[in-house]
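J.: Structure for the following, please:
(chains A, B, C and D)
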Number of protein chains: 2
Amino acid sequence: MNVINASPRRKELTRLAAQLFVQEGFDRTTVRMLAQEMGIKSGSLFHHFKDKQEILAAVIEEGTQNALVIARKALNECAAEPEIRLRTMARAHLETLFTDRNAHVVALFEWRRLDPAASAHLSHLRDAYEALWVAVIDDALEAGLIHGDRFLVSRFVLGALNWTVRWYDPSGPRSPDDLADELVAMIMPTSA
Amino acid sequence: MNVINASPRRKELTRLAAQLFVQEGFDRTTVRMLAQEMGIKSGSLFHHFKDKQEILAAVIEEGTQNALVIARKALNECAAEPEIRLRTMARAHLETLFTDRNAHVVALFEWRRLDPAASAHLSHLRDAYEALWVAVIDDALEAGLIHGDRFLVSRFVLGALNWTVRWYDPSGPRSPDDLADELVAMIMPTSA
DNA sequence: CATTTACACTAGCGCTTGCTTGGTTACTCT
DNA sequence: AGAGTAACCAAGCAAGCGCTAGTGTAAATG
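T.: Numbering: from 1, shown residues only, chains lettered A, B, ... in the order given. As a prediction, the model looks like this:
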């Protein structure tokens, strides 16, 4: 296996793996399929990754890291009004979801295939991301923008947003930003 | 294979299969695991199902049929006010989701493992169920109870509800009905 | 009583899986 | 020029996979 964990070659392989994992699912994707997609033989794959599990972990880590970076940057750059921050966070969520779509679909639907060690490590990343959401929602609740239980609201909103990967086509007439705004409008009484 | 497609034995086997599919995922569940769970040898399994795919189809069909029955019954029995019908539908959705939890988790996350023939057949069932939702949401929109695009609203609501299987624990303090009511309240400006 | 049917068993075929081994090539750095 | 290393390949192993063939047996059916 490669010692430099972030070699450019490895990054590109991770990207291709994400695509295959989405197309076929992790379990149905064989190391031979992965190798062919990458233009190498199946044995050579284990020069870059110690085993198949590590490829899955790399895909998910990549996606989650990007989500964190994008969300933090968006929140830093936007105004301090709770309403704007809420909209910004929803937009950032969909932006990541559809620019790194493959990685995120894998993260959402193949999470359980991770072994316990990788799962524990990646859970921390995921928690850091969700903490951003909870903070934004807390502010919106405090400002009286939305109503309900903070825990439930964040789960419902994240559920609605994550589920979009199942039906939304970004090449259609509606932009991800439109989508985010419509969801925020749906849960905000004052903006009817 | 059994000619009587709905033999009680087959129903019980389907229930056990659903549990294993949730625990391990469809692809990782081997026919030997299924057989052991059912107390028979792997060869005997093919007396009840023509192949592994058919077991998956049986699990999903069972769950979706139940959802339809429960939702129709609930809607027939409840009042005609759009607000009540909306709440009723949300409650029925979560009721099915957590009484037939295994079957529904499989339906939601292993749908893509179905072969095209089974998928086409089950899509009709699924569509019939979603038609109930769209009707209820249309009424609520017309009555001015909620606002937004009918297509988007139904997708968001279904997403939020379906995602509950990922985090909600029915044995906790909150009942599924509470959950449904909170979601409806969240999107209804007038009920703040 | 003879036959069919439902359900289970044993044994294993043919194939695919993730991964290993041992060695080769091409490039960089001193 | 020589050493080191990243990237690759050919070959294949051991295990596990879905599924089939053929058989036994007890209960229902004519």
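J.: make it CA atoms for all contacts and neighbour counts henceforth
T.: Noted.
J.: which stretches of chain A aren't confidently modelled?
T.: By pLDDT under 70, the low-scoring segments of chain A are A:1-6, A:190-192.
J.: Try it again at 50.
T.: Counting by pLDDT under 50, chain A has low-confidence residues at A:1-4, A:192.
J.: Return the residues of it in contact with DNA strand D.
T.: Within chain A, the positions adjacent to DNA strand D are A:2-3, A:7, A:9, A:39-44, A:47-48 by CA under 7 Å from any atom of the strand.
J.: Which member of the residues you listed is positioned nearest DNA strand C?
T.: Closest approach between the residues of chain A next to DNA strand D and DNA strand C, by CA to the nearest atom of the strand: residue A:43, at 3.5 Å.
J.: number of nearby residues for the closest one?
T.: 10 (other CA atoms under 10 Å in any protein chain shown).
J.: and what of residue A:56?
T.: 25.
J.: how far away is it from chain B?
T.: Going from residue A:56 to chain B by CA to the nearest CA, to the nearest Å gives 16 Å.
J.: Excluding sequence neighbours, find me the nearest residue to that residue.
T.: Nearest residue to residue A:56, sequence neighbours excluded (CA to CA, 6 or more residues apart in numbering or on different chains): residue A:114, at 7.2 Å.
J.: Just want the most central residue of chain A.
T.: Nearest residue to the geometric centre of chain A (CA atoms, centre = their mean): residue A:104, 3.9 Å.
J.: thought that one was touching residue A:65?
T.: No: assessed by CA atoms under 8 Å, residue A:104 is found out of contact with residue A:65, at 10.7 Å.
J.: returning to that earlier point: now the residues of chain A next to DNA strand D in CSV, with secondary structure and distance to residue A:161?
T.: Formatted as CSV, these follow (DSSP: H, G, I helix; E, B strand; the rest coil; distance: CA to CA, whole Å):
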residue, secondary structure, distance to residue A:161
A:2, coil, 36
A:3, coil, 37
A:7, coil, 32
A:9, helix, 32
A:39, coil, 35
A:40, coil, 37
A:41, coil, 38
A:42, helix, 37
A:43, helix, 39
A:44, helix, 38
A:47, helix, 37
A:48, helix, 34
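J.: just checking, what packs against whatever helix or strand the residue nearest to the centre of chain A lives in?
T.: According to DSSP states H and E, residue A:104 maps onto helix A:101-109. Where contact means 3 or more CA pairs under 8 Å, 6 or more residues apart in numbering or on different chains; DSSP states H and E, helix A:101-109 is packed against helix A:8-24, helix A:52-77.
J.: ok, 10 Å please
T.: helix A:8-24, helix A:52-77, helix A:82-99, helix A:150-163 (3 or more CA pairs under 10 Å, 6 or more residues apart in numbering or on different chains; DSSP states H and E).
J.: And for it, what's in contact with it?
T.: A:14-23, A:25-26, A:56-64, A:66-67, A:94-98, A:110-111, A:113-114, A:122, A:126, A:162-163, A:165-166, B:109-110 (CA atoms under 10 Å, 6 or more residues apart in numbering or on different chains).
J.: Could I get the contacting residues of residue A:63?
T.: Per CA under 10 Å, 6+ apart, neighbours of residue A:63: A:15, A:18, A:96-97, A:99-107.
J.: from what I can see residue A:22 touches residue A:29, true?
T.: Yes: judged on CA atoms under 10 Å, residue A:22 makes contact with residue A:29 at a distance of 9.3 Å.
J.: What sits closest to residue A:53 if chain neighbours are left out?
T.: Closest to residue A:53 by CA to CA, 6+ apart is residue A:114, at 6.6 Å.
J.: quick one, phi/psi of that neighbour?
T.: Torsion angles at residue A:114 (phi, psi; degrees, to the nearest 10) stand at phi -70, psi 140.
J.: So which elements touch the helix or strand containing residue A:180?
T.: Using DSSP H and E, residue A:180 sits within helix A:176-187. Other helices and strands packing on helix A:176-187, by 3+ CA pairs under 10 Å, 6+ apart, are helix A:82-99, helix A:150-163, helix B:150-163, helix B:176-187.
J.: Now mean neighbour count too, for the ones you listed, in CSV please.
T.: Output for those, formatted as CSV (neighbours: other CA atoms under 10 Å in any protein chain shown):
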stretch, mean neighbour count
helix A:82-99, 21
helix A:150-163, 20
helix B:150-163, 20
helix B:176-187, 20
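J.: re the thing from before, for the helix or strand immediately after the helix holding residue A:104 in the chain, buried residues please.
T.: Next helix or strand after helix A:101-109 toward the C-terminus (DSSP H and E): helix A:116-142. Across helix A:116-142, burial judged by 16 or more other CA atoms under 10 Å in any protein chain shown covers A:118, A:122, A:126, A:129-130, A:133-134, A:136-141.
J.: So what's the residue count around the residue nearest to residue A:29 when sequence neighbours are not counted?
T.: Spatial nearest neighbour of residue A:29, chain neighbours left out: residue A:21 (6.3 Å); criterion: CA to CA, 6+ apart. Look at residue A:21: counted by other CA under 10 Å, it has 22 neighbours.
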